[in-house]
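J.: How does the following fold in three dimensions:
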Amino acid sequence: MGKDQIRYWEPTTSSAWLEGQYEKLTPERQATCSTLTENEWMSLIERNSKGEGKIENDSSTNLPVIVPYPDPTETELDEMYTEKRNQLITAVEWRITRYNTQIALGITPTESDITPVLEYMQALRDLPENEGWPENIIWPKEP
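T.: The predicted model follows:
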């Protein structure tokens with residue numbers, strides 16, 4: 001796609017159309033469109049893909065702008081960090097299982113002291129009860 005490619009921004013649908021697509025719009029829809037250069041459009045796409053915000057129509061200019069995503073609510077943070085905590089627990093559970101299996105089979109355990117792993121898992125389980133959850137979490141280090 002050439003650098004001189006023009007996009008047509010349709011504010012009512014928050015859509016960007018290329019020349020061939022634009023020509024298929026009704027005259028009424030074409031009348032609402034504004035033009036963007038390919039560089040302007042790609043800048044918006046790049047900022048969106050970096051998580052800076054979503055592309056929306058600015059009603060004062062009828063041009064696309066990046067609107068920052070809202071900060072997550074405390075409930076959303078709680079859900080997000082609970083999921084992360086659960087994933088961290090799952091990521092080390094195999095070590096406990098392996099240790100217990102080796103003991104049950106009379107095999108010398110690969111990890112001579114499993115206590116740090118158990119303490120780490122318990123620290124993860126205790127996180128929601130700690131002061132600072134979910135805004136200011138101090139994550140324990142995996143042993």
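J.: mind listing the helices for this protein?
T.: If DSSP state H is used as the criterion, the helices of the chain fall at 19-22, 27-32, 38-49, 74-104, 115-126.
J.: Could you check those and tell me which one is nearest residue 7?
T.: helix 38-49 (4.6 Å; Cβ to Cβ). C-beta here means a position set from N, CA and C on the backbone, and glycine is covered the same way.
J.: tell me what the closest one is packed against?
T.: strand 6-10, strand 54-58, strand 63-67 (3 or more Cβ pairs under 8 Å, 6 or more residues apart in numbering; DSSP states H and E).
J.: Pick the most buried one from those.
T.: strand 6-10 (a mean of 21; mean count of other Cβ atoms under 10 Å).
J.: Sheet-wise, list the partners of it with their directions.
T.: Here strand 6-10 has these sheet partners by DSSP bridges: strand 15-17 (antiparallel), strand 34-37 (antiparallel).
J.: The closest residue to residue 119 other than its chain neighbours and residue 106: what is the separation?
T.: Counting by Cβ to Cβ, 6 or more residues apart in numbering, residue 119 lies nearest to residue 143, which is 7.8 Å off, once chain neighbours are set aside. According to Cβ to Cβ, to the nearest Å, residue 143 stands 25 Å off from residue 106.
J.: between those two, who's got more neighbours?
T.: Each of residue 143 and residue 106 has its neighbours counted (other Cβ atoms under 10 Å); residue 143 has more, 15 against 6.
J.: Am I right that that one is in contact with residue 116?
T.: Yes: at 3.7 Å, residue 143 counts as touching residue 116 under the criterion of Cβ atoms under 8 Å.
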